[in-house]
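build me a model from this:
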Amino acid sequence: MPQVAFPKLLSSQIAFDIARTILDGFNKHYRLFRAVSQQAKTRFELAEWKEGQKIARERISYYDKRVIECATILEDDYDEADLTDPVWREVKLHYMGLLIDHMQPELAETFFNSVCTKMLHRNYYNNDFIFMRPAVATDYIESDHLPTYRVYYPANDGFHYSLKRIITNFRLETPFADLDRDVTAIAQRLNELIGAERVEPNQQLQVLSNLFFRNKGAYIVGKVVNGNREYPFIVPILHNRHNHLILDTVLLDPVQITVLFSFTRAYFMVDMEVPSAYVQFLRSIMPRKPRSEIYTVLGLQKHGKNLFYRDFLHHLRYSSDQIQEAPGIRGLVMLVFALPSFPYVFKVIKDSFPPPKDTTKELIKEKYLLVKNHDRVGRMADTLEYSDVTFPRSRITESLLAEIRRYAPSVLEENENEVVIKHLYIERRMVPLNIWLMEAEKEHNNAAIEHGIREYGNAIKELVAANIFPGDMLYKNFGVTRLGRVVFYDYDEIEYTVDCNFRSIPLARNDEDEMAAEPWYHIAKNDVFPEQFAPFLLGNAKVREYFMKYHADLLTPGYWQACKKRIMEGHVEDVFPYPQEIRFCHSSASRGSGINTGPDFNPAA
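Predicted structure coming up:
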């Protein structure tokens, strides 16, 4: 019989103390994370939209602050000579032991990785020292207090009574305008969904115990279970113009539910003692959405980033295609490359930029950070930012390597087997809008052109309403998602809407002014002339036709000035993450209609 080698008993007090310090750092982080998530309910009840956005932005920075704080403590408390390789190995083993009864072990493992990679060289980025693979299972963790979801039995009392119990159990302090009316509307749609299907003995409504808050809405997340069939549903709760609550609609279409949890939107605020249980429930209603995206949209973006990287390494192992330049027009600021079999692109900032670009690498990083912290209203792609990413050299084309050596040598390290990129961004891959429109024109698909231009204008209007001016509005800087939504993804020229000066082009003083090659009038840095958009955007007759049909107002300074004025007066616009036509009609009691984004588009139609 072969001998089994057992590890030596853990004996390093230093290793245990380090493990304890790191876990204390994580526990502090998650305690603060939950506290600010709990505040979202009060902000919603009081309709304090600006304050709600403020705490959502601040929460994003909590993680990095705690990681730096924890790494600084360890660097101050221990001499480098004491932190030998055996000690670091033992730190991980002690840490695993401390996570046995932990409620957020997967997040604590990621926090451990973040602290250790602050202190260790990348040669240590393997499973001996950090959690390249998860060590603690999360499948059956249960909360000690509030259960993850509540169960209601409509077979006994009907949907109306069960739904009313669901709503009232959330104990919102703000009164409803007409709860019975709204519950009746939801019950009717659920009955229509299930139709004549036989009521099974196990028919139930399962609803997550805490509300999801984002911007001006609170969301109930649940599903109807009937036999072996499950029907997901989301109920948005909003304020009407009288600051009473309404149930605005019920989302039943899986596509609409997926869009609500899109990578193009701000993170939800939701209080979760056991986040893995929330993720498991959400995956049951969105089985195609990766766990990494679900963690990210819940505000746990660092763990989402960790899971994404594990998925990427797994994909590299089981694929054989090569990483190459991404299709589309080459940008002046970014090198963009992709693995064709992987639905994401990699973006590297170039070391220098030719005219007319007037910016720096640091300014570009600030723009990407602005997008991370801002309300993306479904129109800006979230980005994952990484340092020291290692690629197998054999998987990168020589032409791409030549491009990186030429345009971004400062971020490149090479050896015989590996290529290391010191800093890059990763985004969901989309079809560039200019390519979408060209392909639609080749196929004489006027419906696709119309949809693309309508969505393009809607994207700009929603961004402007959220205080973002895109800057470079060329079609190549917008992408079309697999669900047909147009999303902005080139951030190096964005500005706050309120920082721009939207002007009319002055009348020419004489014939010489009229014929001058350069503007005869003074132009300040943040001056914008909407009347100048047309020559750059509307050269194609069909594109022009649809643009003028839906978005002629974008060519007038008055439109932009009015948007800027509303923002400066403190208005937070309604930008609904679902189609207008599915909303319940609340007559004069309903709040404003917000920005109407038009119907969804089926690319396969």
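
for the residue lying closest to Ala277 once chain neighbours are set aside, give its distance to Leu211.
Spatial nearest neighbour of Ala277, chain neighbours left out: Thr148 (4.0 Å); criterion: C-beta to C-beta, 6 or more residues apart in numbering. C-beta: built from backbone N, CA, C; applies to glycine. Distance of Thr148 to Leu211, given as C-beta to C-beta, to the nearest Å: 14 Å.

ok, His374 next?
For His374 relative to Leu211 (C-beta to C-beta), the value is 23 Å.

who has more neighbours, those two?
Leu211 (22 against 19; other C-beta atoms under 10 Å).

spatially nearest residue to the more buried one, not counting backbone neighbours?
Using C-beta to C-beta, 6+ apart, the closest residue to Leu211 is Ala218 (4.6 Å).

that neighbour touches Asn210, doesn't it?
No: counting by C-beta atoms under 8 Å, Ala218 does not reach Asn210; the two are 10.0 Å apart.

domains in this protein, by residue range?
Split into domains by automatic domain parsing, the chain comes to 13-124, 149-293, 319-429, 433-573.

how about these, which one is nearest Phe584?
domain 149-293 (5.0 Å; C-beta to C-beta).

assign a three-state SS to the residue nearest to Leu211, would you?
strand (DSSP: H, G, I helix; E, B strand; the rest coil).

what pLDDT does the residue sitting nearest the centre point of the chain get?
For the chain, the residue lying nearest the average C-alpha position, counting by C-alpha atoms, centre = their mean, turns out to be Phe263 (3.4 Å). Here the pLDDT value assigned to Phe263 is 89.

which parts of the stretch 101-250 of the chain are helices?
105-119, 154-169, 179-194 (DSSP state H, counting those that start in this stretch).

just the ones you listed: most buried one?
Of all the helices of the stretch 101-250 of the chain, helix 105-119 carries the top mean neighbour count, a mean of 22, counting by mean count of other C-beta atoms under 10 Å.

residues contacting Val297?
Neighbouring residues of Val297 by C-beta atoms under 8 Å, 6 or more residues apart in numbering: Phe261, Ser262, Phe263, Arg265, Tyr267, Phe268, Gly304.

helix or strand for Lys542, which one?
helix 541-551 (DSSP states H and E).

quick one: list the elements packing against that helix.
Judged by 3 or more C-beta pairs under 8 Å, 6 or more residues apart in numbering; DSSP states H and E, helix 541-551 is in contact with helix 446-465, helix 533-537.

who are the packing partners of the longest one?
Using 3+ C-beta pairs under 8 Å, 6+ apart as the contact criterion, the elements in contact with helix 446-465 are helix 433-442, strand 478-480, strand 486-488, helix 541-551, helix 557-568.

I'd like the average pLDDT over that helix.
Helix 446-465 comes out at a mean pLDDT of 96.

output the lowest mean pLDDT helix or strand found in this protein.
helix 511-515 (a mean of 69; mean pLDDT, DSSP states H and E).

what is the mean pLDDT for the helix or strand immediately after it in the chain?
Downstream of helix 511-515, the first helix or strand assigned by DSSP H and E is strand 527-528. Averaging pLDDT along strand 527-528 gives 92.

contacts for strand 527-528 next, please.
Contacts of strand 527-528 from elsewhere in the structure, counted by C-beta under 8 Å, 6+ apart, are Phe469, Cys500, Asn501, Phe502, Arg503, Trp560.

surely Glu385 meets Tyr368?
Yes: counting by C-beta under 8 Å, Glu385 touches Tyr368, with 7.1 Å between them.

and Phe337, which of the three is it?
Applying three-state DSSP: Phe337 is strand.

just give me the neighbour total for the closest residue to Tyr550 other than its chain neighbours.
Using C-beta to C-beta, 6+ apart and skipping residues adjacent in sequence, the residue nearest Tyr550 is Arg454, 4.9 Å away. Using other C-beta under 10 Å, Arg454 has 20 other residues around it.

am I right that Arg454 is in contact with Glu545?
No: between Arg454 and Glu545 there is no contact under C-beta under 8 Å: 11.6 Å.

ok so, going back, distance of the residue nearest to Ala277 from Phe26?
With distances taken as C-beta to C-beta, Thr148 is found 21 Å from Phe26.

neighbour count for those two, which is higher?
Set Thr148 next to Phe26 and count neighbours by other C-beta under 10 Å: Phe26 wins out with 26 against 20.

that one touches Pro105, doesn't it?
No: judged on C-beta under 8 Å, Phe26 makes no contact with Pro105 at a distance of 10.0 Å.

ranges for the strands of the stretch 251-400 of the chain?
324-325, 334-338, 344-349, 384-392 (DSSP state E, counting those that start in this stretch).
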